[in-house]
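Asker: mind looking at a prediction? Sequence and model below.
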Amino acid sequence: MENPEKLIEQLFEKGILLNKEILESGNSLNSMLLSKLSGEADMLVLNKDYEDILNQQSSLVDWYEIDKYRVDAEKERDEELYQTQLQQFKHTSLHFTSAPIIQKQDISSLEVELTPPVSELSEKNKKTPSFSNAPSSFTSLSSPIQILVNYEVHPHKYEVKDFTSIFISRYRFLENLLRQRQELDNTLTINRILGKKEKERLSLIGIVQEINLTANGNLLVTLEDLTGKITVLFSKNKPELFAEGKDLVHDEIIGITGVCGDKILFAESIVFPDLPLTEPKKSEVEEAAIFISDLHVGSKLFLKEEFGRFLQWLKGEVGKEEQKEMARKVKYIFIAGDLVDGIGVYPSQEEELEIKEIHQQYAQFCKLIKEIPTDKQIIVCPGNHDLVHLAEPQPHFYKEYAPELYNLPNVIITTNPSQINIGKTATFSGFDVLLYHGYSFDYYVNAVESIRAGGGYHRADLIMKFLLKRRHLAPTFKSTPYHPSYTDDPLLIRKIPDFFATGHIHYSKVGMYKGVTMICGSCWQGKTSFQEKLGHEPEPGRVPWVNLKTREMKILKFT
C-alpha cells in the first residue's frame with residue numbers, strides 16, 4: 001500500500017474514510033477502485049466488506065442498502081444475517097360499524113402540574129428570522145392558514161464547518177435568551193473564570209460536553225463556550241439541584257450560577273432558555289382543531305374499522321347530537337407524520353405489510369382522506385415511516401410517490417418540523433402550531449431519568465415540556481439524524497407556539513406548559529412485532545379535540 005497518510009488525505013478529499021482494518025491489512029487500493037469511489041456523492045467509511053463489493057461491481061453501489069443490512073443486523077444482534085444479506089447483494093447486483101364511538105375525557109385529568117418559574121424574561125423576546133422559506137398563505141373556504149416556518153433542502157458537499165455553523169448558531173441564539181435572565185446578570189466567559197484566583201459567586205453560559213458521576217456520587221459536567229471548557233460540580237448534598245443536573249443531556253445549552261474554585265465551578269442553580277409565562281390565546285370564532293398521527297396505512301395492523309368510525313364521525317354520520325356538534329366545529333385536522341407504514345423501516349416489517357408497494361400505500365391513504373369533508377382543512381407533515389429522507393428537517397412528500405396527495409383541495413403539505421398559523425382574522429392574530437413528528441422522543445425517554453421514571457412513553461407531555469424548556473426539538477445531536485444544509489440550526493424553537501403537536505410514540509397525551517398547549521396524537525395501528533420486542537403497549541384510536549374559542553380539550557376514543 002502507498003504511504004498511508006497520503007492515501008488517507010487523498011480519500012478524505014473525496015469524502016471517503018478508511019477503517020483501521022483496511023489500513024492494517026496491507027492490501028493495495030488500486031487506481032481502478034479509486035476511480036469507482038470518485039463517483040460517490042456521499043460520505044463513505046470504506047471497510048473490508050465494501051472493498052470486496054467494489055472489486056465485483058462495475059457501476060456505483062447503493063451504499064444506503066448495504067448500511068441498512070448492517071443496521072438490521074445490529075438491531076437483531078445477528079452477524080450471520082448481515083453476511084447473508086451482503087452475499088445476496090453481491091449476487092443480485094452483478095367495512096365500518098356504527099357502534100358507539102366516543103368516550104370523552106376532560107383535560108383536567110391530563111394536565112401537567114406546573115411549578116411557577118423562578119423569574120420571567122426581563123423583556124420580551126426579540127424577533128429573529130425564521131430561517132425558512134417565505135411564509136405561504138392558504139385562504140381556503142372560511143379558514144385562513146399561513147405556513148410560517150418551512151424548510152427546503154439545498155444539497156451540497158458537506159464539510160465539518162456545516163455542522164459547526166449549526167452549533168454556533170444554536171449557541172448564539174440561546175446565549176442571547178439566557179443573558180436576559182436576571183439570575184445570570186454576572187455572566188463571564190469560561191476563559192475569564194479559569195483565570196480567577198479567589199472564590200467568587202458568578203455565572204456562565206455553556207454547552208454540555210460531558211456528564212460523569214464521581215466515585216463519591218457527585219455529578220461532574222463539562223461545559224464549553226467559544227473561549228474554553230470548565231468542569232462544574234453538582235453536589236449530591238443538594239438533592240433538588242443534583243436531580244436537575246442528572247437530567248442534563250449532551251449538547252444542550254444552559255446557564256449555571258455558582259462559586260468558582262481552582263479550574264472548577266460549584267453549581268448553585270441551573271438556568272434553562274425556557275419559555276416566558278404567557279396567557280393562552282382564545283379565538284373569537286367557535287371552531288375546533290383535532291390532532292392525529294401515525295396512521296401506518298399499508299400495514300396489516302392498520303385499524304381500518306376504527307379509522308372508519310373516525311371518518312364517519314367527522315362526516316356527522318354517527319354519534320349523539322353533542323358528538324355530531326363537536327364534529328361540525330372541526331375546521332383544522334393536523335396529521336403529524338407516518339401517513340403510511342413504508343417499506344423496510346424495521347426488521348421483519350415486510351411480513352406485516354398488507355400493501356407492499358409504496359405508491360399504493362399513499363394511494364390508499366389519499367382514498368381514505370378524501371372522505372373527510374372539504375370544509376375541514378388538513379395539514380400533514382412526514383414522519384420516519386414516510387418516503388422522505390430520515391434526516392431532519394424532513395422535506396415535503398415526494399410528488400412522484402404520492403401524486404394524489406397534491407391533488408386533494410383541502411390538504412396542505414408541510415415539512416417536518418414546521419410552524420403553521422391558523423384562525424387568523426382582522427382582529428385576531430390566530431394560533432401558531434409547531435408541528436413535529438417526534439423522532440427524537442425515543443432518545444429522551446431513555447436518556448432522561450425524570451421522564452423515564454415519570455412514565456416514559458406514556459408521558460409525551462413530559463418529553464415536550466423537556467424540549468420546550470431547552471427551546472430545541474433535539475438538543476442532543478445524536479437524538480435524531482440532522483441535515484446540515486442550513487447555516488442556522490433548524491430545530492431551534494425560535495418562535496414560541498400556541499400549540500406544540502407531535503406523534504411518533506403511539507401514545508396520546510395532552511398538557512399545558514406556560515401557555516403552550518402540548519398535544520401528542522395517538523396512532524391507528526395495532527402492536528407490531530418490533531414494538532412487542534421493545535415492550536411497547538400502544539394506545540391507538542385516540543383523537544385530541546380542542547375548542548379554539550375556550551381552549552377546552554377532550555380526548556375522543558374510537559377503539
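Answerer: Everything's here; your move.

Asker: excluding chain neighbours, what is closest to Tyr151?
Answerer: Excluding the flanking residues, the one nearest Tyr151 by Cβ to Cβ, 6 or more residues apart in numbering is Pro393, at 3.9 Å. C-beta here means a position set from N, CA and C on the backbone, and glycine is covered the same way.

Asker: let's verify the closest residue to Ser269 other than its chain neighbours: helix, strand, or coil?
Answerer: Nearest non-adjacent residue to Ser269, counting by Cβ to Cβ, 6+ apart: Thr257, 4.7 Å away. Taking DSSP: H, G, I helix; E, B strand; the rest coil as the rule, one finds Thr257 in the strand state.

Asker: give me the neighbour count for Thr257.
Answerer: Neighbour count for Thr257, taken as other Cβ atoms under 10 Å: 20.

Asker: tell me the bridge partners for it.
Answerer: Note on Thr257: beta-bridge partners by DSSP bridges are Ser203, Ser269.

Asker: my guess is it contacts Val271, does it?
Answerer: Yes: judged on Cβ atoms under 8 Å, Thr257 makes contact with Val271 at a distance of 7.0 Å.

Asker: count of neighbours near Cys260?
Answerer: Residues contacting Cys260 under the criterion other Cβ under 10 Å number 22.

Asker: ok, it to Thr427 distance?
Answerer: 53 Å (Cβ to Cβ, to the nearest Å).

Asker: give the next helix or strand downstream of the helix or strand bottoming out on mean pLDDT in the chain.
Answerer: One helix or strand of the chain scores below all others by mean pLDDT, DSSP states H and E: strand 136-140, with a mean of 50. For strand 136-140, the following helix or strand on the C-terminal side (DSSP states H and E) is strand 143-149.

Asker: hey, C-alpha coordinates of the helix or strand just after that following strand in PDB?
Answerer: Using DSSP H and E, the helix or strand that follows strand 143-149 towards the C-terminus is helix 160-179. Written as PDB, here are the backbone C-alpha positions of helix 160-179 (Å, rounded to 0.1, in the frame of the first residue of the first chain):
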ATOM      1  CA  VAL A 160     -17.100  19.900   9.100                       C
ATOM      2  CA  LYS A 161     -17.900  23.700   9.000                       C
ATOM      3  CA  ASP A 162     -21.500  22.900   8.100                       C
ATOM      4  CA  PHE A 163     -22.000  21.100  11.400                       C
ATOM      5  CA  THR A 164     -20.000  23.800  13.200                       C
ATOM      6  CA  SER A 165     -22.200  26.600  11.900                       C
ATOM      7  CA  ILE A 166     -25.300  24.800  13.300                       C
ATOM      8  CA  PHE A 167     -23.800  24.500  16.800                       C
ATOM      9  CA  ILE A 168     -22.600  28.100  16.700                       C
ATOM     10  CA  SER A 169     -26.000  29.500  15.600                       C
ATOM     11  CA  ARG A 170     -27.700  27.400  18.300                       C
ATOM     12  CA  TYR A 171     -25.200  28.800  20.900                       C
ATOM     13  CA  ARG A 172     -25.700  32.400  19.800                       C
ATOM     14  CA  PHE A 173     -29.500  32.300  19.900                       C
ATOM     15  CA  LEU A 174     -29.800  30.500  23.200                       C
ATOM     16  CA  GLU A 175     -27.000  32.600  24.800                       C
ATOM     17  CA  ASN A 176     -28.900  35.700  23.900                       C
ATOM     18  CA  LEU A 177     -32.000  34.300  25.600                       C
ATOM     19  CA  LEU A 178     -30.100  33.300  28.700                       C
ATOM     20  CA  ARG A 179     -28.300  36.600  29.000                       C
END
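
Asker: counting contacts, what elements does helix 160-179 pack onto?
Answerer: strand 201-213, strand 253-260 (3 or more Cβ pairs under 8 Å, 6 or more residues apart in numbering; DSSP states H and E).

Asker: avg pLDDT for the longest one?
Answerer: Along strand 201-213, the predicted local confidence has a mean pLDDT of 96.

Asker: now swap in the last one and tell me
Answerer: Average pLDDT, strand 253-260: 96.

Asker: buried residues of that strand, list them for me.
Answerer: Within strand 253-260, the residues that count as buried by 16 or more other Cβ atoms under 10 Å are Ile253, Ile254, Gly255, Ile256, Thr257, Gly258, Cys260.

Asker: repeat for stretch 161-178
Answerer: Here stretch 161-178 shows Asp162, Ser165, Ile166, Ser169, Arg170, Tyr171, Phe173, Leu174, Glu175, Leu177, Leu178 as buried, counting by 16+ other Cβ under 10 Å.

Asker: do you know how far the third one is from Pro490?
Answerer: Counting by Cβ to Cβ, the gap between Ile166 and Pro490 amounts to 8 Å.

Asker: got any residues that touch both of these two?
Answerer: The contact sets of Ile166 and Pro490 do not overlap (Cβ atoms under 8 Å, 6 or more residues apart in numbering).

Asker: residues contacting the residue nearest to Tyr151?
Answerer: Residues in contact with Pro393, defined by Cβ under 8 Å, 6+ apart, are Tyr151, Val153, Thr415, Asn416, Pro417, His483, Tyr486, Pro490, Leu491.

Asker: just Trp524 next, same as before
Answerer: Trp524 sits next to Ile292, Asp294, Leu295, His296, Phe302, Leu303, Glu306, Phe307, Phe310, Pro540, Gly541 when contact means Cβ under 8 Å, 6+ apart.

Asker: one more time with 7 Å, if that's ok
Answerer: Neighbouring residues of Trp524 by Cβ atoms under 7 Å, 6 or more residues apart in numbering: Asp294, Leu295, His296, Phe302, Leu303, Glu306, Phe307, Pro540, Gly541.

Asker: burial count for Glu286?
Answerer: 11.

Asker: ok, it touching Glu552?
Answerer: No: applying Cβ atoms under 7 Å as the test, Glu286 and Glu552 come out as separate, 11.3 Å apart.
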